[in-house]
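Chemist: pasted the sequence and its predicted model underneath.
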Amino acid sequence: MEEKKSSRLESLDIFRGITIAGMIMVNNPGSWSNIYAPLKHAEWHGCTPTDWIFPFFLFIVGVAVTLSLTKRKERGDNQTALILNIFRRAAIIFLVGLFLNGFPGFDFSEIRIPGVLQRIAVVYFFTAVIFLKTSMKAQIYITGGLLLFYWFLMGVIPVPGVGEANYEVGKNLAAWLDNQLLAGHMWKVSKTWDPEGVLSTMPAISTCLSGVLLGHFIRTKLSDAEKVSWIFSAGAFFIFLGSIWSIFFPLNKGLWSSSYVVYTAGVALIFFGFCYWIVDVQGYKKWAKPFVVYGMNAITVFAGSGLMAKIMGMIKIAGPDGVEMSSKEYIYKMFLLPYLDPYNASLAFAILFITFWLAILWVLYRYKIFIKI
């Protein structure tokens, strides 16, 4: 498939901005007890709009890998130097994730090692190396092969100490491996397994590689109309395929199941297709400026907002009855809850949180300050 050189995709920045704003929204409700169903993760099997967000981000990373590394690969840049630079970036992202997990106490005896940024780092590293070392055809085989191999491991290999292979919470092979390698350093909510654990990182690489493959396609010399038609068609096909696969290997973010990878890749293609058609093809861009601002400093706002949420939880303020509460709880209860029902007050807090960070990011954008790793 013949490719052409590609300028910066504004639609990709917008898609990234929409994704990171969505991630911040679902991570920062006013009250965890009052959340609309689409803004919650599925309890176990299943997939809500909230469960789309993380795979969207990895998908976008994959597209960016293709667009950023293709020129270097084609002109024969020293691959050892490139891989060392990729490793450096991945290591910094991983360490930022560890910092957020450890803040403020930094108790390394029980610090959570996995996390969102940690998974992004590991997946980015392996995806970028695969991109540099293999052809597009090989990347297709690796993407599918990882998914089939993971399905085999999870669906066939017996779980030591448990018995037959299964997809149950905390009793599956991925949970067993997490306990062997990460005991005492997992997500404090689950304790016995981690949603960003070791084994489930394998199919997450396929999520990122699906973005790499879209990057290849975007660079072809097909007309814009043909590209959009193929993107929408592929998206619908993968949603269908993922839904069929879920009969045998359920959609599950905690397991990052193979069906979940295929299904969310399909949804990501549909979302990206709309952004690409509206912004890059039709040229309607004004509406998307806030998302461009978010997308250009995505890692910065994710890390900064996570740190801010922790600090707000640490700052205590006395309420009218003299009982202390966190500053977040104070804002929610004193300024939002008296005027809105609990669900809308909780949502309003998340929107205010996003808007606050938009103001900060707008200043950075205005002065062309883009914090890159």
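Modeler: Arrived safely. Residues are numbered from 1 along each chain as shown.
Chemist: just the strands in the protein please.
Modeler: 316-318, 324-326 (DSSP state E).
Chemist: to Lys133, which of those lies closest?
Modeler: Across these, Lys133 has its closest neighbour in strand 324-326 (48.0 Å, Cβ to Cβ). For the C-beta atoms, the positions are set from N, CA and C on the backbone; glycine is no exception.
Chemist: ok, back up a step: to Ala265, which of the strands of the chain lies closest?
Modeler: strand 324-326 (38.0 Å).
Chemist: ok, the closest residue to Ile18 other than its chain neighbours - how many residues close by?
Modeler: Here the nearest residue to Ile18 in space, its sequence neighbours aside, is Phe291; by Cβ to Cβ, 6 or more residues apart in numbering that works out to 5.1 Å. Using other Cβ atoms under 10 Å, Phe291 has 21 neighbouring residues.
Chemist: again with Phe370
Modeler: With other Cβ under 10 Å as criterion, Phe370 counts 11.
Chemist: which residues touch the spatially most central residue of the chain?
Modeler: Centroid-nearest residue in the chain, with Cα atoms, centre = their mean: Phe54, separated by 2.4 Å. Neighbouring residues of Phe54 by Cβ atoms under 8 Å, 6 or more residues apart in numbering: Met23, Val116, Lys253.
Chemist: the closest residue to the first one other than its chain neighbours and Ile20, how far apart?
Modeler: Using Cβ to Cβ, 6+ apart and skipping residues adjacent in sequence, the residue nearest Met23 is Ile53, 4.9 Å away. Using Cβ to Cβ, to the nearest Å, one gets 9 Å for the distance from Ile53 to Ile20.
Chemist: look up how far Asp178 lies from the closest residue to Glu110 other than its chain neighbours.
Modeler: Using Cβ to Cβ, 6+ apart and skipping residues adjacent in sequence, the residue nearest Glu110 is Gly184, 5.6 Å away. Distance, Gly184 to Asp178, by Cβ to Cβ: 11 Å.
Chemist: repeat for Val198
Modeler: 6 Å.
Chemist: for Phe349, same thing?
Modeler: Phe349 is 32 Å from Asp178, by Cβ to Cβ.
Chemist: just Phe271 next, same as before
Modeler: For Phe271 relative to Asp178 (Cβ to Cβ), the value is 31 Å.
Chemist: neighbour-wise, which of the two wins?
Modeler: Ranked by neighbour count (other Cβ under 10 Å), Phe271 and Asp178 place Asp178 first, with 27 against 18.
Chemist: can you pull the contacts of the closest residue to that one other than its chain neighbours?
Modeler: Distances taken as Cβ to Cβ, 6+ apart place Gly197 nearest to Asp178, at 4.1 Å, with adjacent residues excluded. Shown in contact with Gly197 (Cβ under 8 Å, 6+ apart): Pro114, Ala174, Ala175, Leu177, Asp178, Leu182, Met186.
Chemist: can you pull the contacts of the second one?
Modeler: Put plainly, it is Ala174. Ala174 touches Met154, Trp193, Gly197, Val198, Leu199, Ser200, Leu255, counting by Cβ under 8 Å, 6+ apart.
Chemist: burial measure for the residue nearest to Ser258 when sequence neighbours are not counted, as a count.
Modeler: Of all residues not flanking Ser258 in the chain, Leu147 sits nearest, at 4.0 Å (Cβ to Cβ, 6+ apart). Neighbour count for Leu147, taken as other Cβ under 10 Å: 25.
Chemist: what of Ile205?
Modeler: 26.
Chemist: relative to Gly145, how far out is it?
Modeler: Ile205 sits 11 Å away from Gly145, taking Cβ to Cβ as the criterion.
Chemist: what do you get for Phe272?
Modeler: 24 Å.
Chemist: who's more crowded, those two?
Modeler: A count of neighbours by other Cβ under 10 Å puts Phe272 above the other of Phe272 and Gly145, at 26 against 12.
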